[in-house]
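Novice: Pasting a predicted model and its sequence here:
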Amino acid sequence: MEQILRHIDDHLDASLQRLFSLLRIPSISAQPAHAGDCRKAAVWARDTLAEMGFAARLSETAGLPGVIATHHGAGPDAPHVLFYGHYDVQPADPLNLWESDPFEPQQVDGPRGKRIVGRGAVDDKGQVVSFFEACRAHLAVNGKLPVRLTVLLEGEEECGSPSLAELLTNEKEALAADFVLVADTNMWNFETPAITTSLRGLAAIEVTIKSASRDLHSGLFGGLARNPINALTRVLGDLQDDQGSVRIPGFYDGVAPVPEAVRRSWEQLGFDAAAFLGDVGLHHPAGEHGQSPLAQLWARPTAEINGIYGGYQGDGTKTVIPAEATAKLTFRLVPGQDPAKILDNFERFVTERLRPDAKAEFKRSGAAPGFAVDLNAPFMTAARQALAEEFGKPAALVGSGGSIPVVEAFKTHLGLETLLAGFGLDDDRIHSPNEKFELACFHRGTRAHARLLTAFGG
């Protein structure tokens, strides 16, 4: 291991040059004009892996190609890891806010030392190349990897992964593995690595309340005709009680307490809820009473009204009773909750509260369950050990209030669990001008990947 780490340290400049060559390719998947650049980035990854000794190829889809590469020199009995990343990037707009050309990467000084600036520096090219360089070091020192390894890169992550299901279905046999490693997440802070142990799922729905056959004059009909906005807001006002709990029947069915090991890990993170809210001009946690701030963010389900509209929206006054009113809602769900059941119960919750002459119509637009990793899984135990060895402290076991659709895709199409361990930071400005990746995070991420591979092999 020490020889491998020394190889990484001694060849850091060469690793950076390879990263910079990938960062110079404007592989913007959302813009059709850059389809050729996306393919160029896929070819770069394929050829780089092939040069390292992988069997590498492009996998065509109806959209942009995936990259699939395998290295099975460890032998048929070695653990099999599937590494996932993406080679596409977000558009660089607005260009006038960049301090340098977004596709001419720079090393600049920052408060933590040198940093790499360019579109894709951390999301996700820097993290992908960090993993590649860890593999390169293993191969240079030992001539083989400690695991059987399959690499999967997609080219449409930044535009919603429209071809991912096709890619996973077409390549199901080639992508068979023991688990998936995803390096597209963050550390807890500059000194502390993190493993994301849970993701909230998502269920989205739109409800429209209709009443009269047309908009009505509020002077002629007000007081007698049913107002859909009043009906809608009355129902939505019942969603939560005074303690912040969601009142939809069965909403908390299957919701388990936070595991003790995770709860202890959260207590040691030093999370400052006041500072977190203060950054956006707020001061008081508004979730369920009796739940810690991190539990409210990561481990408890929510019901949020994302938009509401109906009636006159222009300047001034128009005295109408509208014919209909609409609200858009999303439910952030945790493991154990059934998204379809949640939406069924919400529809029942609404219809049971409607007064005469009010009718409800619903439109569902997506549902995915929450995700939690088994803390006792062998790959989890190995990852915690490897990260602690590199950083000199235990990895923070963190949750995510958001959703990462690829994790559900791996579970649905391949039946695989996912380990989320990346090396970005919250201030890396992903999707924004002047995206950066701290040089130290790239370097230590490479070393940590090398340790992870050894730990998985063990």
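Specialist: That came in fine, so what should we check first? Numbering: from 1, shown residues only.

Novice: Asp215 touches Val320, doesn't it?
Specialist: Yes - using C-beta atoms under 8 Å as the test, Asp215 is close enough to Val320 to be in contact (4.6 Å). Quick note: C-beta positions are derived from backbone N, CA and C, even for glycine.

Novice: Would you mind listing the residues touching both of the two?
Specialist: Residues touching both Asp215 and Val320 by C-beta atoms under 8 Å, 6 or more residues apart in numbering: Gly311.

Novice: Would you mind listing the residues in contact with Leu452?
Specialist: Here Leu452 is in contact with 134, 181, 382-383, 386-387, 421 (criterion: C-beta under 8 Å, 6+ apart).

Novice: so which strand or helix has Ser198?
Specialist: In this structure, Ser198 sits in strand 194-199 according to DSSP states H and E.

Novice: Same check on Pro249?
Specialist: Secondary structure assignment for Pro249, by DSSP H and E: no helix or strand.

Novice: tell me the contacts of the spatially closest residue to it that is not a sequence neighbour?
Specialist: Spatial nearest neighbour of Pro249, excluding adjacent residues (C-beta to C-beta, 6 or more residues apart in numbering): Asn345 at 5.7 Å. Neighbouring residues of Asn345 by C-beta under 8 Å, 6+ apart: 248-251.

Novice: which one is Pro356 nearest to, not counting chain neighbours?
Specialist: Arg226 (7.3 Å).

Novice: In three-state terms, label the one you found for me.
Specialist: With DSSP: H, G, I helix; E, B strand; the rest coil as the basis, Arg226 sits in coil.

Novice: ok, now the one 4 residues further on?
Specialist: Assigned state for Asn230: helix (three-state reduction, three-state DSSP).

Novice: With Arg263 instead?
Specialist: Arg263 is classified as helix under three-state DSSP.

Novice: Neighbours of it, how many?
Specialist: 15 (other C-beta atoms under 10 Å).

Novice: tell me the contacts of it?
Specialist: By C-beta under 8 Å, 6+ apart, Arg263 has no neighbours at all.

Novice: From Ser198, how far out is it?
Specialist: Relative to Ser198, Arg263 is positioned 12 Å away (C-beta to C-beta, to the nearest Å).

Novice: tell me which element the nearest residue to Pro65 once chain neighbours are set aside falls in.
Specialist: Nearest residue to Pro65 in three dimensions, chain neighbours excluded: Leu58, at 4.3 Å (C-beta to C-beta, 6+ apart). Leu58 is part of strand 55-59, with elements assigned from DSSP H and E.

Novice: Now do that strand: distance to the chain's middle.
Specialist: Computed by C-alpha atoms, centre = their mean, to the nearest Å, the chain-centroid distance of strand 55-59 equals 26 Å.

Novice: CA atoms of that strand as PDB?
Specialist: Only the C-alpha atoms of strand 55-59 are listed here, as PDB (Å, rounded to 0.1, in the frame of the first residue of the first chain):
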ATOM      1  CA  ALA A  55     -11.100  -4.000 -22.000                       C
ATOM      2  CA  ALA A  56     -12.900  -0.800 -22.800                       C
ATOM      3  CA  ARG A  57     -15.600   0.000 -25.300                       C
ATOM      4  CA  LEU A  58     -18.500   2.400 -26.000                       C
ATOM      5  CA  SER A  59     -22.000   1.300 -25.500                       C
END
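
Novice: buried residues in it?
Specialist: Judged by neighbour count (16 or more other C-beta atoms under 10 Å), strand 55-59 contains these buried residues: 56-59.

Novice: which pair in the residues you listed spans the largest distance?
Specialist: Within the buried residues of strand 55-59, Ala56 and Ser59 form the most distant pair, 10.5 Å apart (C-beta to C-beta).

Novice: Look up the residues that both of the two are in contact with.
Specialist: 67-68.

Novice: What's the separation between the residue nearest to the spatial centre of the chain and Leu16?
Specialist: Geometric centre of the chain, nearest residue: Ile404, 3.5 Å, by C-alpha atoms, centre = their mean. According to C-beta to C-beta, Ile404 stands 28 Å off from Leu16.

Novice: Spatially, what comes nearest to Pro369 if we skip its sequence neighbours?
Specialist: Counting by C-beta to C-beta, 6+ apart, the residue nearest Pro369 is Gly201, at 4.4 Å.

Novice: Tell me which residues touch the one you found, please.
Specialist: 332-335, 337, 339, 367-371, 403, 408.

Novice: Do a quick rundown of the strands in the stretch 151-300 of the chain.
Specialist: Ranges of strands within the stretch 151-300 of the chain are 179-182, 194-199, 201-210, 216-217, based on DSSP state E, counting those that start in this stretch.

Novice: Select, out of the ones you listed, the one closest to Val350.
Specialist: strand 201-210 (5.8 Å).

Novice: that older thread, which among the contacts of Gly201 gets closest to Ala176?
Specialist: Of the contacts of Gly201, the one sitting nearest to Ala176 (C-beta to C-beta) turns out to be Glu408, at 18.3 Å.

Novice: ok but the closest one is inside a helix, no?
Specialist: Yes - assessed with three-state DSSP, Glu408 lies in a helix.

Novice: Contacts only, for it.
Specialist: For Glu408, counting by C-beta under 8 Å, 6+ apart, the contacting residues are 201, 368-369, 371.

Novice: now Gln31
Specialist: Pro91.

Novice: Could you identify the most distant pair in the contacts of Leu452?
Specialist: Among those, Ala134 and Ala382 lie farthest apart (C-beta to C-beta), at 14.6 Å.

Novice: Neighbour count for the two, which is higher?
Specialist: Ala134 (26 against 20).

Novice: what about that one, helix or strand, and which?
Specialist: Applying DSSP H and E, one finds Ala134 within helix 125-142.

Novice: Check the offset of that helix from the chain's centre.
Specialist: The answer for helix 125-142 is 23 Å, by C-alpha atoms, centre = their mean.

Novice: ranges for the helices of the stretch 351-458 of the chain?
Specialist: With helices called from DSSP state H, counting those that start in this stretch, the stretch 351-458 of the chain shows them at 378-391, 405-409, 439-457.

Novice: Please name whichever of those helices is nearest to Gln243.
Specialist: Of all the helices of the stretch 351-458 of the chain, helix 405-409 sits nearest to Gln243, with 30.8 Å by C-beta to C-beta.

Novice: Got the domain ranges for the protein?
Specialist: 2-199+371-457, 201-255+301-368 (automatic domain parsing).

Novice: just how off-centre is the last one within its chain?
Specialist: What that stands for is domain 201-255+301-368. With C-alpha atoms, centre = their mean, you get 28 Å for domain 201-255+301-368.

Novice: before we move on, what about the first one?
Specialist: Its chain's C-alpha centre lies 13 Å from the corresponding centre of domain 2-199+371-457 when counted by C-alpha atoms, centre = their mean.
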